[in-house]
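Enquirer: Structure of the sequence below:
(chains A, B and C)
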Amino acid sequence: MNTNIDPDLPSYSIGVAQKKTSLTARQIRYYEQEGLVKPARSDGNQRLYSKNDILELKQIKELMGQGLSLAGIKKLKKSNEK
DNA sequence: TTTCTGACA
DNA sequence: TGTCAGCA
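Expert: Numbers count the residues shown, from 1 in each chain, chains lettered A, B, ... in the order given. Purely as a prediction, here's the structure:
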């Protein structure tokens, strides 16, 4: 099969994101609220996550498992991007 | 049925 | 972070 979809092509609902990241909708929404992830919006106001966003959420989960907090991840992300 | 927002513990 | 209510 040839699924040539871009890694930034948003097509996952939060339910799929939960399954793919092992996180809860609360955590995913909170991370987005903090600006850690930037999902697209569709049908009304539904979040649409891309493969890239799913990976981003997994990265956040990994950092949390390393003893980091939202503030710590935000600071780390800021250092990486800036 | 699922998702979204806001608010509280 | 979990949970509740009302809404689309």
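Enquirer: Next, count neighbours for the nearest residue to A:Ala25 once chain neighbours are set aside.
Expert: Once flanking residues are discounted, A:Ala25 sits nearest to A:Ile14: 5.1 Å by C-beta to C-beta, 6 or more residues apart in numbering. For glycine as for every other residue, the C-beta is placed from the backbone atoms N, C-alpha and C. Counted with other C-beta atoms under 10 Å, residues neighbouring A:Ile14 total 19.
Enquirer: Tell me who's in contact with A:Ile14.
Expert: For A:Ile14, the contact set (C-beta atoms under 8 Å, 6 or more residues apart in numbering) comprises A:Ala25, A:Ile28, A:Arg29, A:Gln46, A:Arg47, A:Tyr49.
Enquirer: Now, these that are in strands?
Expert: With strands taken from DSSP state E, the overlap with the contacts of A:Ile14 comprises A:Gln46, A:Arg47.
Enquirer: out of the contacts of A:Ile14, who has the most neighbours?
Expert: Neighbour max across the contacts of A:Ile14 (other C-beta under 10 Å) = A:Tyr49, 26 neighbours.
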